[in-house]
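K.L.:
heads up, no residue letters with this:
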């Protein structure tokens, strides 16, 4: 699960850099082209998977690059969801300002939660984030007169079309859904890539590998971790915000513990510390459930067995295994 | 009710019978080997199969209901196919599990509409799944007929494609029942309800109705999800409470009743419960003796002597439920009798509407005919197709209204003691879907 | 009801549920301490205990055979899981999380298929109602609490006074050195995993007359015991016990004074802040 920082020099490094960016953009281009060939159902599925994968990318930024395993990311996802959904529902916000309020909400939550929880590490961090997320989840029930509780609220009919220059986009249109999801997903991939390869990203890797030494060198390790958690929370929040806009619904179940476990599972299945891993993990899990439930009513056995076998074959996740076999520029 | 149109489908029935001969051989293999009833002799369905998508809670917290919804749906479809199908066409159920999860619920609606290409989607129960999936059904423009009991449909907050024609909503239930509670049990009422799901419908409409008929809400006790022990909340029930109005959902209900019994002992207030708490639960379970003498709402009496019409008897036998409301094969499996009739009735509503609207295949024109025809319905008559009783249907609300039963726990059984009329449950309508564009 | 009555009820409820949490958590604590793995399926052993209890007691018509048969059955399941899932992945931390999530799905689906979605009750073997001045309380729950306390004491004896306990403590300190000194660490792992599962299963059996057997009851048990293990401090059984009681009491006392959902929020935050202030847990060693 280590991120391999290129050790070559000069031209070789620049070449490797170009390759990495190239490979990631090629994935985005592939997703762009897929929409013209996919049948409607898979078109819709992939749109949703891209949003969920963005969430997992946000999660993976924290896990992959600081080694901190959270079980509370649903609160960031849900903060984005409620920050966007409630302003649309009650204040009549359009999509763009609503995304901004969603992002601000998740950033605010991440800043506060990060400041408190980063005093812990390891399994304590896991539990503390879980407890805060549990409090957040219960709060969405407690304030149900505003949030709609677990029944939730429907945004359909309240969201004005999105005006982008001469374009008028209706988020109910499948094509618009897909491309909004693609834009968000690509933005998250690029942000992740940029962060990892930036000077700050290298410090993060150093902190993950040996926090004491990084501190001795003079880095304020707390601030770096705080920054990462906030970005991780913001990306998760952006995913939540996009989800509520594209699927017109917000509700407590998205703040529940299951939605904290999902991104962890997708990331581990796809490959920790890889940018594309979360996409692979989310796609695989979604489709394993979807396909097996069509064949047997006892499909959870198949899902469970698939997880067990997969992790026996590829302990580093799918992309981790791919990267071990092919050159290092694999995403 | 609108005049019956003669459909192209009917005119072409003879031709369809020939064309469908190939399909027929496949279908007849699945027919049961019972001696045909009088009705079954009518005609054997032929032509292109009508495919009805069934969103079912096979896993997750709604799985008890899901198991019985599925059993009921299969029984109804079998009966429909034995008696000539829908508009002469055989019917096939395309069931898909949604895990009682709002996210998966949306995917299931997409899958049924876009991949399985079903004609309609129906059968969803849990309100969070309904509310999450309804916008998607509206976008995909496919009729979505839920059997959920929630007030979401008549509230006007769903869309033109969402209907609830087979079961009365909670708002109507409490509007009908609360006056009875205040009159017969007492004025000071403490409400214990889940802090999720349809708990809010009970709190809001039960609360206002209590005030309207001269009662008083003594306290509200909302119970969070996954709670497994309730004794610690009972001090919040004021001692001078006349009636504890309790509605619970999920696996904790037996514990709830048991602990209430231990807590209050003999000094208990009167109890009025909603059968939702006890669906799938054997009345003879240990701990339920505390409910002896208390009153419980039922939509359709679990015990066969509660509402012994010949329609009800017929329906009960077809679904495979014994006289005590449990499975005929395994009496340990108690049914969700007060909800699952909605599945049966909704399928017959689909049958009626398809036959009267001339619906043939998915598409804007046929769906328009389907929706407008259904919105013009005013009554569904009691009969084999509507064994719970006649239903008034309000087209602008997309909601059906039926009678309700009040039972008392006597010798560990539910004994019907009163029945409310359809008009007792009518409330001031909020929404009007017929004004929405299609 | 007076303030004293409220407080007494909160403490009583909290104490009883704390002891039951402790029993489940102790199993997880063993597994976590000795094997250093997060077993996400631990709650499912609790659930299996309850389900097997229903099965055996409806088979035999009595609760007591279930008290023995159910934990043994669950131990067998755990041994199989250890042999065919955990050992092949060499107990690596992250793959273990994925694999035990897989195990969780498999166990839940098996129970759903063969036992059904129902919440099924088992009659308590002894039933009486204790009348306090302010309210009545279940006598069986008090018995459960006493039994849980007894079992915890027995566990303490096993860990401190037996060869198995010695092996487990040695493996926990340093697996390689223990192996070098001839401790059969693989068998110790299997034993710890099975013993952990048995503790969870016994908790499930004891609780089933109070809280019915249901195929989804494991998640909550997992979360609560997980909290207890971490807050108590990894590797400290005493810590787990204290933390479990603490969690139970906080929840119980808050519940009688606040509206239910608010009480849960306050209790969650309080527990979180304890861990923020003592990141290594109440009795934690400082090496994790």
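P.N.:
All right, it came through fine. Bear in mind the structure is a predicted one, so any value in this text is a computation, not a measurement.
K.L.:
residues in contact with the residue of the stretch 301-438 of chain B found nearest chain C?
P.N.:
Closest to chain C within the stretch 301-438 of chain B is residue B:333: 6.6 Å, counting by CB to the nearest CB. Quick note: C-beta positions are derived from backbone N, CA and C, even for glycine. By CB atoms under 8 Å, 6 or more residues apart in numbering or on different chains, the contact set of residue B:333 is B:280, B:326, B:327, C:116, C:118.
K.L.:
Over to it: give its phi and psi.
P.N.:
For residue B:333, the backbone dihedrals are phi -90, psi 100 (criterion: degrees, to the nearest 10).
K.L.:
any idea how far it is from chain A?
P.N.:
16 Å (CB to the nearest CB, to the nearest Å).
K.L.:
Is the longest helix anywhere in chain C in proximity to chain B?
P.N.:
Of all segments of type helix in chain C, defined using DSSP state H, the longest is helix C:3-35. Yes: applying CB under 8 Å from any CB of the partner chain, one finds helix C:3-35 in contact with chain B at C:5, C:6, C:9, C:10, C:13, C:14, C:17.
K.L.:
Beyond that helix, next helix or strand please.
P.N.:
Along the chain past helix C:3-35, the next helix or strand (assigned with DSSP states H and E) turns out to be helix C:42-60.
K.L.:
Now do the contacts for the residue lying closest to residue A:299 once chain neighbours are set aside.
P.N.:
Counting by CB to CB, 6 or more residues apart in numbering or on different chains, residue A:299 lies nearest to residue A:292, which is 3.9 Å off, once chain neighbours are set aside. Shown in contact with residue A:292 (CB under 8 Å, 6+ apart): A:299, A:302, A:303.
K.L.:
For residue 226, the count of nearby residues, please.
P.N.:
Since you didn't name a chain, this refers to chain A. 17 (other CB atoms under 10 Å in any protein chain shown).
K.L.:
looking at chain B here, not the other one
P.N.:
Neighbours of residue B:226 under the rule other CB under 10 Å: 18.
K.L.:
Could you tell me how far it is located from chain C?
P.N.:
In terms of CB to the nearest CB, residue B:226 sits 5 Å off from chain C.
K.L.:
Let me see the backbone angles for that residue.
P.N.:
According to degrees, to the nearest 10, residue B:226 has phi 60, psi 10.
K.L.:
so what's the closest residue to chain C within the stretch 251-400 of chain B scoring on pLDDT?
P.N.:
Nearest to chain C in the stretch 251-400 of chain B, going by CB to the nearest CB, is residue B:251, at a distance of 3.5 Å. Residue B:251 carries a pLDDT score of 74 in this model.
K.L.:
can you pull the contacts of residue 178?
P.N.:
Going with chain A. Taking CB under 8 Å, 6+ apart, one finds A:35, A:43, A:44, A:46, A:47 in contact with residue A:178.
K.L.:
should've been chain B
P.N.:
Residue B:178 sits next to B:206, B:209, B:210, B:213, B:215 when contact means CB under 8 Å, 6+ apart.
K.L.:
can you tell me which residues contact residue B:241?
P.N.:
Taking CB under 8 Å, 6+ apart, one finds B:188, B:189, B:190, B:218, B:219, B:269 in contact with residue B:241.
K.L.:
any idea how far it is from residue B:270?
P.N.:
As defined by CB to CB, to the nearest Å, residue B:241 lies at a distance of 9 Å from residue B:270.
K.L.:
cool, and residue C:226?
P.N.:
Residue C:226 is 42 Å from residue B:270, by CB to CB.
K.L.:
More neighbours: which of these two?
P.N.:
A count of neighbours by other CB under 10 Å puts residue C:226 above the other of residue C:226 and residue B:270, at 25 against 17.
K.L.:
Next, the more buried one: phi, psi?
P.N.:
The phi/psi pair for residue C:226 (degrees, to the nearest 10) is phi -60, psi -50.
K.L.:
Let me know how buried residue 135 is, in neighbour terms.
P.N.:
Using chain A. Count around residue A:135 with other CB under 10 Å applied: 21.
K.L.:
nope, chain B
P.N.:
Residue B:135: 23 surrounding residues under other CB under 10 Å.
K.L.:
what do you get for residue B:317?
P.N.:
Neighbour count for residue B:317, taken as other CB under 10 Å: 13.
K.L.:
For it, give me the pLDDT.
P.N.:
Note on residue B:317: pLDDT of 97.
K.L.:
Please, which helix or strand holds the residue nearest to residue A:239 when sequence neighbours are not counted?
P.N.:
What sits nearest to residue A:239 in space, not counting adjacent residues and going by CB to CB, 6+ apart, is residue A:55, at 3.7 Å. Per DSSP H and E: residue A:55 is located in helix A:40-66.
K.L.:
again with residue A:301
P.N.:
helix A:299-313.
K.L.:
Closest residue of the stretch 151-300 of chain A to chain C?
P.N.:
Proximity of the stretch 151-300 of chain A to chain C (CB to the nearest CB) peaks at residue A:300, 3.6 Å away.
K.L.:
That residue against residue C:109, yeah?
P.N.:
Yes: between residue A:300 and residue C:109 there is a contact under CB atoms under 8 Å: 3.6 Å.
K.L.:
between these two, which one's more packed in?
P.N.:
residue A:300 (26 against 22).
K.L.:
What strand or helix carries residue 224?
P.N.:
The chain I'm using is chain A. Secondary structure from DSSP H and E places residue A:224 in helix A:221-247.
K.L.:
meant chain C actually
P.N.:
Using DSSP H and E, residue C:224 maps to helix C:218-232.
K.L.:
and the nearest residue to residue A:144 once chain neighbours are set aside, what does it touch?
P.N.:
Once flanking residues are discounted, residue A:144 sits nearest to residue B:200: 6.1 Å by CB to CB, 6+ apart. Neighbour list for residue B:200: A:144, A:149, A:151 [criterion: CB under 8 Å, 6+ apart].
K.L.:
With that, I have no additional questions.
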